[in-house]
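Structure for this input, please:
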Amino acid sequence: MRLVFMGSPLEVIAPLESLIKHCQQSGDQLVAVVSQPAKPAGRKQALTDPPLASFAKERGLLCLQPTKASDPQFLEELKALDVDVIITAAYGQILSNAFLAIPKRATINIHPSLLPAFRGAIPVPAALLDGLDTTGVTVLFTVKALDAGNIILQESFAIAPSETAAALTPRLFAASAPLLFAALDKLRDPDFSGLVQDESKVTLCRKIAKTDGAIDWNKASKTILSEFRAYQPWPGSYTERDKLRITVEDMLPIAMDVSAEGEALALSPGAFYFDKKEKAIRVGTGDGQVTIKRLKSAGSKSVDAPAFWNGLRLQGQGQFEILC
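As a prediction, the model looks like this:
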């Protein structure tokens, strides 16, 4: 089969690299890669390709970068490639009916969730916000409705207790390659149509805003930790002290200390102190405490908890502001 791979971020390089190896060992042919156009980036605002486009060009692959996937000239270029299957993975644009009509067999998508759960653009953060310990990857037929096509194959994967979206997303895409190849084999049967999704079990991803990264220390520890894990790398999690923004870069759960009488040694929400034994900062939450190992104050470099604490020169407890 003649294949086209579409995507943009760094995380989807792994399945593309595996697809290249697959094509070298099979009769399938990767005829092009499609990615987003270059955009200004960095202090100098130099035009910079998405990571997938840079990778494709380094490998000498034909790389198309239309401003819009509905652009008539791009669609003509795609038709000329005589494509059987188009594979999409975090491409980042809505695909039109005219686009979906081009491949002779199908357009399929690699989606990092167990559909019909978490349809939408941020399935990995959504799973972490829900506090799940299991998620997965689904390869499905692409249709006009968002992530609503028939399921070709899917597989479950455990989520590590402290795993962030920044770590889980590339792991899921890397693990998608065997599933993708099995899906391509199923597509060789012209009568294969996949499994219809159960619409009664559909959940949708909500949009994440930059302000969602503000930590509300009044929330339960589990909620604060889930949000921290979900918001890595964007928008990140941050708090404030004396109006100075402080980004939290490493946060972990911690068991509550108890006194000799067996009572919990509590901190009020946002109150913090340095735990010499753990070499970490303990912060009070709505129902307990969390521990912070690494932080970055605005305008400063990232430091570990001991260096941050020493820089404050506090004699007792400090207080982070309650951002609501």
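
Off-centre distance for the longest helix seen in the chain?
If you go by DSSP state H, the chain has its longest helix at helix 165-187. Its chain's C-alpha centre and that of helix 165-187 lie 14 Å apart, by Cα atoms, centre = their mean, to the nearest Å.

what packs against it?
helix 13-25, strand 85-89, strand 106-111, helix 123-129, strand 134-141, strand 151-158 (3 or more Cβ pairs under 8 Å, 6 or more residues apart in numbering; DSSP states H and E). Heads up, the C-betas are built off the backbone N, CA and C, glycines and all.

export the second one as CSV, just CAs?
Coordinates of the C-alpha atoms in strand 85-89 are reproduced here as CSV (Å, rounded to 0.1, in the frame of the first residue of the first chain):
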residue,chain,number,x,y,z
VAL,A,85,-3.9,4.9,3.4
ILE,A,86,-3.3,8.2,5.2
ILE,A,87,-2.2,7.9,8.8
THR,A,88,-2.7,10.9,11.1
ALA,A,89,-1.1,11.4,14.6
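
Would you pull up how far that strand lies from the middle of the chain?
That offset, for strand 85-89, works out to 18 Å (Cα atoms, centre = their mean).

need the helices and strands packed on helix 165-187 in TSV with distance to residue 215, can you?
As requested, the helices and strands packed on helix 165-187 are arranged in TSV below (distance: least, Cβ to Cβ, whole Å):
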stretch	distance to residue 215
helix 13-25	32
strand 85-89	32
strand 106-111	30
helix 123-129	14
strand 134-141	24
strand 151-158	27
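
So which of these is nearest residue 287?
Closest to residue 287 of the helices and strands packed on helix 165-187 is helix 123-129 (Cβ to Cβ; 17.8 Å).

Against which helices or strands is that closest one packed?
strand 134-141, helix 165-187, helix 221-230.

out of the ones you listed, nearest to residue 266?
Nearest to residue 266, of all the helices and strands packed on helix 123-129, is helix 221-230, at 11.9 Å by Cβ to Cβ.

quick one on the thing from earlier: wait, which of the helices and strands packed on helix 123-129 is closest to residue 274?
If we rank the helices and strands packed on helix 123-129 by Cβ to Cβ, the stretch that ends up nearest is helix 221-230, at 18.5 Å.

Just give me how far the closest one sits from the chain centre.
15 Å.

follow-up on the earlier one: make TSV out of the helices and strands packed on helix 123-129 and add mean pLDDT.
Below are the helices and strands packed on helix 123-129 laid out as TSV (pLDDT from 0 to 100):
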stretch	mean pLDDT
strand 134-141	98
helix 165-187	97
helix 221-230	97
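
Redo the ones you listed as JSON lines? Include distance to residue 155 and mean neighbour count.
Output for those, formatted as JSON lines (distance: least, Cβ to Cβ, whole Å; neighbours: other Cβ atoms under 10 Å):
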{"stretch": "strand 134-141", "distance to residue 155": "6", "mean neighbour count": "22"}
{"stretch": "helix 165-187", "distance to residue 155": "6", "mean neighbour count": "19"}
{"stretch": "helix 221-230", "distance to residue 155": "22", "mean neighbour count": "21"}
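
Let me know the pLDDT of residue 315.
Predicted confidence (pLDDT) for residue 315: 84.

how many other residues sit next to the closest residue to residue 188 other than its chain neighbours?
Excluding the flanking residues, the one nearest residue 188 by Cβ to Cβ, 6 or more residues apart in numbering is residue 1, at 7.4 Å. By other Cβ atoms under 10 Å, the residues close to residue 1 number 18.
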